[in-house]
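# got a predicted structure plus its sequence, pasted below:
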Amino acid sequence: MPDVVQNTRVVDGQLYTLIGLEPYVRRDGRLTSLAVWRSPCATCGAPFEVRIPASSNRFIPNRRCQKHKQPGRRVNKSHAARTPLAKPANPRS
Ligand SMILES: [Zn+2]
């Protein structure tokens, strides 16, 4: 079980605070956990929560609350550039 040492992160000046872990069953049936981070929306400043796989080395969270996020548009373009042939945007993210 990975220990979460770091409980705050800053992405382009936006602060994310780790508030907990949630169990999560992946599509392949394996149990993992999601780290739940809270951050102020880049647009309105309202706190919102994002869930990132705890095992993931990448930290590419949403930058905006549910109200202001733009489905299908990712803030991080370098990630998309490294992915061969864009996959359809994950409607749940
Ligand atoms: Zn907002």
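Looks like it arrived, so ask away.

# quick one: neighbours of the closest residue to residue 25 other than its chain neighbours, just the number.
In space, and not counting its chain neighbours, residue 25 is closest to residue 31: 5.6 Å by CB to CB, 6 or more residues apart in numbering. Where you see a C-beta, it was placed from the backbone N, CA and C, and this is true even at glycine. Other residues lying near residue 31 total 8 when counted by other CB atoms under 10 Å.

# could you check how far residue 31 is from residue 51?
In this structure, residue 31 and residue 51 are 15 Å apart, going by CB to CB, to the nearest Å.

# can you tell me the element residue 23 falls in?
Taking DSSP states H and E as the criterion, residue 23 maps to strand 14-25.

# which other helices and strands contact that strand?
For strand 14-25, the contact count by 3 or more CB pairs under 8 Å, 6 or more residues apart in numbering; DSSP states H and E identifies strand 8-11, strand 31-40, strand 47-53 as packing neighbours.

# now those in CSV, with mean pLDDT and distance to residue 21?
Shown next, in CSV, are those (pLDDT from 0 to 100; distance: least, CB to CB, whole Å):
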stretch, mean pLDDT, distance to residue 21
strand 8-11, 94, 15
strand 31-40, 95, 5
strand 47-53, 95, 10
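
# kind regards, and thank you for your time.
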